[in-house]
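**Student:** Structure for the following, please:
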Amino acid sequence: IFKFLGAISVDLGQDRIKPYLSTILMPLYRELNSNYAEQDPTLKNLSQEIIELLKKLVGLEAFSLAFSSVQKQANQKRAMRKKRRVLQTVANPDIAARRKLNRHKNKAETRKRKIESLRSMYKAKRHRSHALKDLAMVE
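**Tutor:** Predicted structure coming up:
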């Protein structure tokens, strides 16, 4: 899709691309600012290249205006989601409690998985033998 966006922007040219610039920049900006664990670095590089291409094609001033509007929209959406989450916590405490329990359960499962993956590296601790206690005859 990013290659398609780059090809369309080159094909349309400087004058006809300006109305669609913010629409084209939205997915590119989202990819640049994402912080997923399983993120593909080639996508990030490709989006950076297309942004540079758009910057040269449209000019720095028009690009900066469009990019700042995309940034502002993304920040507003993020703030709106956060606000909605907080309001839902107050309005529906049972749903919030269920979400919190699920989060704690997922955290515990993640911790178990992490310990399990590390377990192969570590040896199990040997229990200390209490030699005198074990030898004592108990009637």
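**Student:** and the longest helix for this structure?
**Tutor:** helix 60-91 (DSSP state H).
**Student:** tell me the average confidence for that one?
**Tutor:** In this model, helix 60-91 carries a mean pLDDT of 94.
**Student:** now for that helix, which elements pack on it?
**Tutor:** Applying 3 or more CB pairs under 8 Å, 6 or more residues apart in numbering; DSSP states H and E, one finds that helix 60-91 contacts helix 21-33, helix 41-58, helix 93-119. Bear in mind the C-beta positions are built from the backbone N, C-alpha and C, glycine included.
**Student:** Output those helices in a markdown table, with distance to residue 14 and mean neighbour count appended to each entry.
**Tutor:** Compiled in a markdown table, those are given as follows (distance: least, CB to CB, whole Å; neighbours: other CB atoms under 10 Å):
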| stretch | distance to residue 14 | mean neighbour count |
| --- | --- | --- |
| helix 21-33 | 10 | 17 |
| helix 41-58 | 6 | 15 |
| helix 93-119 | 48 | 10 |
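**Student:** Select, out of the ones you listed, the one closest to residue 65.
**Tutor:** helix 21-33 (8.6 Å; CB to CB).
**Student:** Tabulate the helices and strands packed on helix 60-91 in TSV, adding columns for distance to residue 66.
**Tutor:** Formatted as TSV, those follow (distance: least, CB to CB, whole Å):
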stretch	distance to residue 66
helix 21-33	4
helix 41-58	8
helix 93-119	36
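**Student:** Indicate which one of those is closest to residue 83.
**Tutor:** helix 93-119 (14.3 Å).
**Student:** Where does pLDDT dip in this protein?
**Tutor:** Counting by pLDDT under 70, the ranges of the chain that qualify are 37, 121-139.
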